[in-house]
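Enquirer: Predicted model follows, preceded by the sequence.
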Amino acid sequence: MRHPQGSPDDERASTLCCSSEYPPLCAPLHVPLCAIVPVLLGSVLVTAGALKAYQLATEPLAEVGFFGSRWLLIGLVEFELGLGLWLVAGFYARALRLAALGAFASLGVVALTQVLAGERSCACFGSVQVAPYMAFLFDGAAVVALAFWRVDTSPVTLTTHRARFGLTMAVFLIAGAAAALGMTGCIAPGKARGILVEPALVDFGELEQGQSAGAQVSIINRTNKPLVVSRTSSSCPCLMLELNTLQLEPGQQAIAELRVDMAHEPFFLGSLLIALSLFDSHGEKVLTLHAKVRVRQRS
């Protein structure tokens, strides 16, 4: 049996997404796929904010310059959580679209500067390593998607959806407060679970391609239990830590040699911020220190 074309249900579905309010890109997609754009982008922002909050709450931070400030990053986390929930909830879509366009365009500019500076990770998702060029491509795609996303003729507002607004605000206040408490509870850089490193950030200055340099750091066990270092992990194979002992008794201090050897990255040029973590005998991360270096072309 053949179904008649142009039935009322088909016309209604077509009107919802394929009206003149929508450009050709959205026209053939119908409502579910069109509506997924803000939900997808909002979910990504909430995930990014949550992962950054977890990193700030559990790891020391190398506060390098204004953009590495803990308080700026805390503000960014709260902004991402708020905008992400707003995108998912969909309130006041016209204003939401403009705010999201501005946010993703700004994030794209930051990612582009990281690409040009030769950064290995954009730090968009906390300790999860994501290449800056991937973040730049995603931000660009988000801007394009938002540019083609059009507001429904019956917008979601506080008046029309009070329950949804109340739930969104409750989630933001609870999640935002929990994240803020966790992030501000780890303000002292270089300290994790009673283990202290001095300095927390080592600046090797400027090196030529293939050149190496070293610096001494002090590791102090301020816990009431012995610390047994089982392994180290670095975000770049060019950074290594040489310990004169693998066990530190409570209150004991050890001098370690931190070395950067750009022979492991012979073609790298630009600025590099490296994280190196220590793990105890149970496999738990007990300390993270950072090093930065600027690599110029061999003369």
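Expert: Thanks, I have it. Residues are numbered from 1 along each chain as shown.

Enquirer: So, low pLDDT: which residues of the protein?
Expert: 1-34, 59-69, 151-154, 185-193 (pLDDT under 70).

Enquirer: residues near L81, how many?
Expert: By the measure other Cβ atoms under 10 Å, the count of residues near L81 is 23. Yep, even glycine has a C-beta here, placed from its N, CA and C like the rest.

Enquirer: which ones are touching it?
Expert: 45-46, 49-50, 172, 175-176, 179 (Cβ atoms under 8 Å, 6 or more residues apart in numbering).

Enquirer: Now do the helices in the protein.
Expert: With DSSP state H, the ranges of helices along the chain come out as 8-18, 30-58, 70-89, 93-117, 132-148, 162-184.

Enquirer: Return the angle between stretch directions for the second one and helix 132-148.
Expert: So the one you mean is helix 30-58. With axes from the mean of the first three to the mean of the last three Cα atoms, to 10 degrees defining the directions, helix 30-58 sits at 140 degrees from helix 132-148.

Enquirer: I'd like to know which of the helices of the chain is closest to E265.
Expert: Among those, the nearest to E265 by Cβ to Cβ is helix 93-117 (14.9 Å).

Enquirer: quick check: angle from that closest one to helix 132-148?
Expert: Going by the same axes, to 10 degrees, helix 93-117 makes 160 degrees with helix 132-148.

Enquirer: quick one, helix 93-117 and helix 70-89 angle?
Expert: Inter-element angle recorded for helix 93-117 and helix 70-89: 140 degrees (by the same axes, to 10 degrees).

Enquirer: where's T184 relative to L72, distance?
Expert: Applying Cβ to Cβ, to the nearest Å, the value for T184 to L72 is 13 Å.

Enquirer: before we move on, the earlier item: okay, the helices of the chain in TSV with distance to P199 next?
Expert: What follows is the helices of the chain, written out as TSV (distance: least, Cβ to Cβ, whole Å):
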stretch	distance to P199
helix 8-18	57
helix 30-58	20
helix 70-89	17
helix 93-117	23
helix 132-148	26
helix 162-184	22
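
Enquirer: Of these, which is nearest Q252?
Expert: With Cβ to Cβ, the closest approach to Q252 among those belongs to helix 30-58: 24.0 Å.

Enquirer: by contact count, what packs against that closest one?
Expert: helix 8-18, helix 70-89, helix 93-117, helix 132-148, helix 162-184 (3 or more Cβ pairs under 8 Å, 6 or more residues apart in numbering; DSSP states H and E).

Enquirer: Distance from the second one to the middle of the chain?
Expert: It refers to helix 70-89. Centre-to-centre, helix 70-89 and its host chain are 11 Å apart (Cα atoms, centre = their mean, to the nearest Å).

Enquirer: now swap in the longest one and tell me
Expert: Relative to the centre of its chain, helix 93-117 is centred 14 Å away, using Cα atoms, centre = their mean.

Enquirer: Give the buried residues for that helix.
Expert: Under the neighbour-count criterion of 16 or more other Cβ atoms under 10 Å, helix 93-117 has 93, 96-97, 99-101, 103-104, 107-108, 110-112, 114-115 buried.

Enquirer: Closest one of those residues to K285?
Expert: Checking the buried residues of helix 93-117 against K285 with Cβ to Cβ, the nearest one is Q114 at 24.4 Å.

Enquirer: pretty sure that closest one contacts C122?
Expert: Yes: the pair formed by Q114 and C122 meets the contact definition of Cβ atoms under 8 Å, at 5.5 Å.

Enquirer: what residues are shared contacts of those two?
Expert: With Cβ under 8 Å, 6+ apart as the test, Q114 and C122 both reach 132, 135.

Enquirer: I am finished for the moment; much appreciated.
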